[in-house]
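Trainee: Sequence plus predicted model, see below.
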Amino acid sequence: MDVIPAFECFLCEELRPEGVRIGRVWCCAACEDRIVRSQAGTADYEELVRAMRRFWQVYGQQCVP
Ligand SMILES: [Zn+2]
């Protein structure tokens, strides 16, 4: 009985076992790949930037020590 820990990705909001932890947030491997591949000026990049901005507006204050 192996329980694979999964965390909620801050971008796609899905529970994924694979990804990276950035500070207190979890970014799944798929979204990490999107971030790495996205290029400034593209629609996908703008969407990612918006999602991250939304996230920091919600959680930013909690990250202040
Ligand atoms: Zn994700």
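Mentor: Structure received.

Trainee: Please report how far the closest residue to D44 other than its chain neighbours lies from the ion.
Mentor: In space, and not counting its chain neighbours, D44 is closest to S38: 4.9 Å by Cβ to Cβ, 6 or more residues apart in numbering. Backbone N, C-alpha and C define where each C-beta goes, glycine included. As judged by Cβ to the ion, to the nearest Å, S38 and the ion stand 13 Å apart.

Trainee: these two touch, right, S38 and E32?
Mentor: No: using Cβ atoms under 8 Å, S38 is not in contact with E32, being 10.8 Å away.

Trainee: Any part of the longest helix along the chain near the ion?
Mentor: The residue-count maximum for a helix in the chain (DSSP state H) belongs to helix 43-59. No: residues of helix 43-59 are not located near the ion by Cβ under 5 Å from the ion, the shortest gap being 9.5 Å.

Trainee: need the strands for the protein, in chain order.
Mentor: All strands of the chain, identified by DSSP state E, fall at 7-8, 15-16, 19-22, 25-28.

Trainee: Give the rounded mean pLDDT of the last one.
Mentor: Right, the one you point to is strand 25-28. Strand 25-28 carries an average pLDDT of 89.

Trainee: Show me what it is packed up against.
Mentor: Using 3 or more Cβ pairs under 8 Å, 6 or more residues apart in numbering; DSSP states H and E as the contact test, the elements touching strand 25-28 are strand 7-8, strand 19-22.

Trainee: Repeat that for the second one.
Mentor: Here strand 15-16 touches strand 7-8, going by 3+ Cβ pairs under 8 Å, 6+ apart.
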